Structure formats: structure tokens, C-alpha cells
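1. I'll drop the sequence and a predicted model, then ask my questions.
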Amino acid sequence: MYDLTKWSERLIQHEGLSLMPYRCSEGKLTIGVGRNLEDNPPNYEEQRALGDYMHGITENAAKMLLRNDIVRTYNALKHLIKGFEDLDEERQYALLDMCFQLGVAGFKKFKRLRKAIANKDFDKAAAECLNSKYAEQTPKRARRIAHLLKIGEWPYP
């Protein structure tokens, strides 16, 4: 099983944390730690906890959304990648981070990467990560994720 606290901290590092709604680079209304409110609106329980989120949310509310997003993304990856649950935690995180940033629909486009992961060809998976529009748009993040896919170790203390 994964370390929810560690993964949350890393995603906050990559995505940032905004308690006020904003428009992301794709023009989508977003809040918290990269929660796209248009494609992934709050469910009933989240809505009750958030209240009128258009006027801001608390840090605890942002972290609650993040935890829910991690669980939802992890469950999606279990269905998208054969053998996902057998991967080490760092490679699981790398794939979750990509899927979190791209959304499930965007991540589904990485067919060769997903096949490489299913075949445990981590060199090819890392290369596919770096040979993408994703890597062009977020090069530092993509290099960290490719390193995780290839080596299976977080590159920072």
C-alpha cells in the first residue's frame, strides 16, 4: 500500500496549493492541489465539507480533496495498467503523479508507456515519458517522473 502523506506532500510540491479558485494553464477552474472543478466537480460529501468554495477553502479542505483525488486516481490506474499493484511504491507514485496532472483521459493516451510498464520495461517507460508533450510542458517534473519510472527511487532526500 502507498504512503498517503508522502504522496500528498509530493503532489503539493508539484502542483502547489491554492485556497482560492483559479484558472489552470488549460483554462479550467481549479482549486486546492490541482483539483479541476469542471472535469471533476466535488461530490456531495466534498461539497458539504467545502461550502461556498468559490470564495475560498481551508487548507484542511484542500488536503481532503487531495486525499480523495489520490484514492480515485490510484483506483483508476489499477484498471489502466496490468500489474500496477505489483509495482514498487515509487513507480506507482510516478504513474499516479502523471495521471493526476494529465487526468485519466490524458494518461490513457500514453499507450506505449502503459504497455512498457505492464512488460516491466522501465527504460522504455521512462523514454516514453520524456518523449511527449507532457515533458515539453513540464520538463523538470517529467524528468523526475521518468527517473522514478526507470530507477524506482525518489531523486531527492
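-> Nice, thanks for sending it over.
2. ok, longest strand in this structure?
-> Longest strand in the chain, counting residues (DSSP state E): strand 18-23.
3. And that strand, what's buried?
-> Buried residues in strand 18-23, defined by neighbour count with 16 or more other C-beta atoms under 10 Å: 18, 21. (C-beta placed from N, C-alpha, C; glycine too.)
4. Please tell me how far that strand is from the chain's geometric centre.
-> 18 Å (C-alpha atoms, centre = their mean, to the nearest Å).
5. Can you tell me the strand partners of that strand and which way each runs?
-> Note on strand 18-23: by DSSP bridges, its sheet partners are strand 29-32 (antiparallel).
6. residues making contact with the partner strand?
-> 17-24, 36-38, 53, 57, 61-63, 65-66 (C-beta atoms under 8 Å, 6 or more residues apart in numbering).
7. again, 10 Å this time
-> 12, 15-24, 35-42, 50, 53-54, 56-59, 61-66, 69 (C-beta atoms under 10 Å, 6 or more residues apart in numbering).
8. Neighbours of the closest residue to Gly83 other than its chain neighbours, how many?
-> Computed as C-beta to C-beta, 6 or more residues apart in numbering, the closest residue to Gly83 that is not its neighbour in sequence is Ala118, at 5.7 Å. Ala118 has 14 neighbouring residues, counting by other C-beta atoms under 10 Å.
9. Distance check, Ala118 against Gly34.
-> 26 Å (C-beta to C-beta, to the nearest Å).
10. Ile145 now?
-> Counting by C-beta to C-beta - Ile145 and Gly34 are separated by 15 Å.
11. neighbour count winner among these two?
-> Ile145 (26 against 23).
12. so that one touches Leu95, yeah?
-> Yes. Between Ile145 and Leu95 there is a contact under C-beta atoms under 10 Å: 8.4 Å.
13. Regarding the protein, what is its longest helix?
-> helix 59-80 (DSSP state H).
14. and the angle from that one to strand 18-23?
-> Between helix 59-80 and strand 18-23, the angle comes out at 60 degrees (axes from the mean of the first three to the mean of the last three C-alpha atoms, to 10 degrees).
15. Which strands or helices does whichever helix or strand comes after helix 59-80 pack on?
-> Next along the chain after helix 59-80, taking DSSP states H and E as the criterion, comes helix 89-108. Helices and strands touching helix 89-108, by 3 or more C-beta pairs under 10 Å, 6 or more residues apart in numbering; DSSP states H and E, are helix 4-15, helix 59-80, helix 111-118, helix 122-130, helix 133-137, helix 139-151.
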